[in-house]
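Asker: pasting the sequence and the predicted coordinates here, then a few questions.
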Amino acid sequence: MRTVSVCLLMLSSVTTLLAGDSPSSSEPFDIVIVNGHIIDGTGSPWYSGEVGIRAGRIAAIGNLEGAPRKQTIDAKGNVVAPGFIDMLGQSEMTMLVDPRLPSKIYQGITTEITGEGGSAAPLNPTIIAADRAGYDHLKIHPDWTTFREYFARLERQGMGINLASYVGATSVRRMVLGDGDVQPTAAQLSEMQSLVRQAMQDGAVGLSTALQYAPAPYAKTDELVALASEAAKYGGIYATHMRSEGDSVLDAIDEAARIGREAHIPVEIWHLKAAGKANWGRMPQLVDHINAARASGVDISADTYAYTAWFNTFSAFIPPWAHDGGDAKLIERLQDKTVRARIRKEMLSPGGNWDNEWQEIPGPEAIQIAVVQNPELIPLQGKRLSEVAEMWKEDPIDALCDLLIRDKAFTEVAVFGMSEPDVTLALKQPWVSIDNDSQGTSPDGPLGKEHPHPRAYGTFPRILRKYVREDHVLTLEDAIRKFTALPAQRMRLTDRGVLKLGMWADVVIFDPSTIGDLATFEQPNRLSQGMQYVLVDGVPVIAQGKMTNALPGKVLRGQGYVAH
């Protein structure tokens, strides 16, 4: 009888702790969320309960009626879910322009992972000089060279969301080899590994590549294995914009899997796609290929933004060899009639050993000019290349080349090159999470002068509107899992991504019947609708549908971080 009593007492104690009624619970909660349908991120069905938040963390879930609190948020029967995690966010620079990041928080994004091949650090004077147009465009003065210094700058100014970053293999290569089409010596490769090691100790979450954009294509697989192996020693991830997303996409998946296997590192394929009209309908092959790699023991997964247009630098349409030496050399070559003729011939030739985007599009009408840095070219933002060619009375390839010359190779474009069935099939895979693949922006201020891809404002709410509510491709619970627990698991964010006792209180509250995107390709600078509350680390950045201007976000450092 005594044993039973002891067991009952122990069980009662466990239940009390799970409810958050610890000895310190006499302290009032900062916030209690009531009347919500809790979707906890695991994929489980919703349940009713109240969420108590104290000191930025979830301190209790259950019946908290009568518990002292400083603030009550009435969810009014709407969804209460973990904050969304953007697997590729691109906000490392725009966060310095508008740290609130309205386009992100109105989607429910509370954490962003960034650093696609090129990262905020490491930097040296040569790189800063070469990239001056980009810094000047955003009026940013880079006063850091390492991740430790960059993260410190973010923390000094404050952040609207949490941010983590990869160290880009392109940035590491440029630090040692510049922008040339060259291969590293053993000593140079060792120096590159040292830079990866420093970045990981400074808090980077892994190594990334963007193998379509020069000088990244010059890197051989062995170089990437060596760098990824260094990141693996510090618990890092290898994330990649693969060498090809078009005709050679299966070979590119094989390369990513090889890097994962040989470097003993998990692999994340960014924005999985079957690019180009010749590849429409190939997504089942890609899925089978990745499933086969997973079955062989490679820890490989992917993410998607679920639009049929991608967004990249316009200069990616030019063959890699023409980028040797950087943008200044590229512009010289575009101005040379003989070299331009060679570029044209290669763009018009199917096949070849590069990802030829000109061959992947239906025509110049499939390219929308999005962001320029030359003020004289701003009227072109939002127009199609076919319109520009007609305005300039030029052949479309000449218009492309001349636009790059006039904009110092800065231009970014939206490219309509995917099929909806392929996009939908990728989205449905259980190992596919979600990426925004766009920098945080705002309809107001200097950032509002750009013409971004609508995904910058709409990715996550669009999936809830289109693929959950309208097309029934995903259940609401599975979509939330793809937004939260799945990316947190991949990124080793062990204290985020699920609504559970002790986790950081990144929380969203929204009406699933009205949540949706408003941004279009014609009018992209429109905030999504439906987010009633968004909490970052327990602090509302949106309250009653309005931005609070709070900056509670944190730098999320990787497992290899070494404090100084």
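Answerer: Okay, I see it.
Asker: could you pull out the helices for the stretch 151-300 of the chain?
Answerer: Secondary structure of the stretch 151-300 of the chain, counting by DSSP state H, counting those that start in this stretch: helices at 169-177, 186-202, 221-232, 249-263, 283-295.
Asker: can you lay out those helices as JSON lines showing mean neighbour count?
Answerer: C-betas here are computed from N, CA, C, even on glycine. Shown next, in JSON lines, are those (neighbours: other Cβ atoms under 10 Å):
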{"stretch": "helix 169-177", "mean neighbour count": "24"}
{"stretch": "helix 186-202", "mean neighbour count": "19"}
{"stretch": "helix 221-232", "mean neighbour count": "22"}
{"stretch": "helix 249-263", "mean neighbour count": "20"}
{"stretch": "helix 283-295", "mean neighbour count": "17"}
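Asker: columns mean pLDDT and distance to Val339 on top of the ones you listed, output as a markdown table?
Answerer: Output for the helices of the stretch 151-300 of the chain, formatted as a markdown table (pLDDT from 0 to 100; distance: least, Cβ to Cβ, whole Å):
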| stretch | mean pLDDT | distance to Val339 |
| --- | --- | --- |
| helix 169-177 | 98 | 23 |
| helix 186-202 | 98 | 29 |
| helix 221-232 | 98 | 28 |
| helix 249-263 | 98 | 28 |
| helix 283-295 | 98 | 35 |
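Asker: could you dump the ones you listed to TSV with distance to Lys482?
Answerer: Shown next, in TSV, are those (distance: least, Cβ to Cβ, whole Å):
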stretch	distance to Lys482
helix 169-177	27
helix 186-202	27
helix 221-232	25
helix 249-263	20
helix 283-295	15
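Asker: do a quick rundown of the strands in the stretch 251-400 of the chain.
Answerer: Counting by DSSP state E, counting those that start in this stretch, the stretch 251-400 of the chain has strands at residues 267-269, 300-304, 309-313, 367-371.
Asker: same deal with the stretch 401-550 of the chain?
Answerer: Counting by DSSP E, counting those that start in this stretch, the stretch 401-550 of the chain has strands at residues 412-416, 432-434, 507-510, 531-536, 539-543, 546-547.
Asker: and the helices of the stretch 151-300 of the chain: which comes nearest Arg69?
Answerer: Evaluated over the helices of the stretch 151-300 of the chain, closeness to Arg69 peaks at helix 186-202, with 38.6 Å, by Cβ to Cβ.
Asker: for the closest one, name the packing helices and strands.
Answerer: Where contact means 3 or more Cβ pairs under 8 Å, 6 or more residues apart in numbering; DSSP states H and E, helix 186-202 is packed against helix 147-157, strand 167-168, helix 169-177, helix 221-232.
Asker: and the longest one with helix 249-263, angle?
Answerer: Orientation of helix 221-232 against helix 249-263 (axes from the mean of the first three to the mean of the last three Cα atoms, to 10 degrees) gives an angle of 50 degrees.
Asker: on that earlier part again, looking at the helices of the stretch 151-300 of the chain, which is closest to Ala67?
Answerer: Comparing the helices of the stretch 151-300 of the chain by Cβ to Cβ, helix 186-202 comes nearest, at 41.0 Å.
Asker: could you tell me how many residues sit around Val419?
Answerer: Not Val; residue 419 is Ser. Neighbour count for Ser419, taken as other Cβ atoms under 10 Å: 18.
Asker: right, and it touches Gly276 too?
Answerer: No. If you go by Cβ atoms under 8 Å, Ser419 and Gly276 don't touch, sitting 9.9 Å apart.
Asker: go through the strands of the stretch 251-400 of the chain and name the closest to Gly108.
Answerer: Using Cβ to Cβ, the nearest of the strands of the stretch 251-400 of the chain to Gly108 is strand 300-304, at 16.1 Å.
Asker: let me see the mean pLDDT of that closest one.
Answerer: On average, the pLDDT along strand 300-304 is 98.
Asker: give me the distance from it to the chain's centre.
Answerer: Chain-centre distance of strand 300-304: 12 Å, with Cα atoms, centre = their mean, to the nearest Å.
Asker: kindly report the same for stretch 365-376.
Answerer: Distance of stretch 365-376 from the chain centroid (Cα atoms, centre = their mean) equals 22 Å.
Asker: so for that stretch, what's the average pLDDT?
Answerer: The average pLDDT for stretch 365-376 rounds to 95.
Asker: contacts for that stretch, please.
Answerer: The contact list for stretch 365-376 (Cβ atoms under 8 Å, 6 or more residues apart in numbering) reads 133-134, 136-137, 309, 311, 314, 361, 377-378, 380-386, 388, 400, 403, 406-408, 410-417, 450-453, 521.
Asker: with stretch 494-506 instead?
Answerer: Residues outside stretch 494-506 that contact it (Cβ under 8 Å, 6+ apart): 18, 20, 31, 38, 40-42, 51, 53, 56-61, 80-83, 85, 110-111, 162, 484-489, 507, 535-538.
Asker: in helices, which of those residues fall?
Answerer: Judged by DSSP state H, the subset of those located in helices is 18, 485-489.
Asker: and the pLDDT for Trp354?
Answerer: Trp354 is assigned 85 on the pLDDT scale.
Asker: what does Ser25 give?
Answerer: At Ser25, the model reports a pLDDT of 57.
Asker: who's in contact with the residue lying closest to Leu195 once chain neighbours are set aside?
Answerer: Of all residues not flanking Leu195 in the chain, Val172 sits nearest, at 4.8 Å (Cβ to Cβ, 6 or more residues apart in numbering). Contact analysis of Val172 by Cβ under 8 Å, 6+ apart lists 122, 192, 195-196, 199, 227.
Asker: picking up where we left off before, with distance to Asn549 added, can I get the helices and strands packed on helix 186-202 in a markdown table?
Answerer: Listed next are those as a markdown table, based on distance: least, Cβ to Cβ, whole Å:
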| stretch | distance to Asn549 |
| --- | --- |
| helix 147-157 | 13 |
| strand 167-168 | 31 |
| helix 169-177 | 32 |
| helix 221-232 | 36 |
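Asker: and Glu394, which of the ones you listed is closest to it?
Answerer: Taking Cβ to Cβ, helix 169-177 is the member of the helices and strands packed on helix 186-202 nearest to Glu394, at 31.6 Å.
Asker: got the buried residues for stretch 434-452?
Answerer: Neighbour-count burial for stretch 434-452 flags 434-442, 447, 450-452 (criterion: 16 or more other Cβ atoms under 10 Å).
Asker: want to throw those residues into TSV with pLDDT?
Answerer: Formatted as TSV, the buried residues of stretch 434-452 follow (pLDDT from 0 to 100):
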residue	pLDDT
Ile434	98
Asp435	98
Asn436	96
Asp437	97
Ser438	97
Gln439	97
Gly440	98
Thr441	98
Ser442	97
Leu447	95
Glu450	92
His451	94
Pro452	95
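Asker: would you format those as a markdown table with distance to Pro319 included?
Answerer: Below are the buried residues of stretch 434-452 laid out as a markdown table (distance: Cβ to Cβ, whole Å):
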| residue | distance to Pro319 |
| --- | --- |
| Ile434 | 32 |
| Asp435 | 27 |
| Asn436 | 29 |
| Asp437 | 24 |
| Ser438 | 26 |
| Gln439 | 27 |
| Gly440 | 32 |
| Thr441 | 31 |
| Ser442 | 36 |
| Leu447 | 32 |
| Glu450 | 27 |
| His451 | 27 |
| Pro452 | 26 |
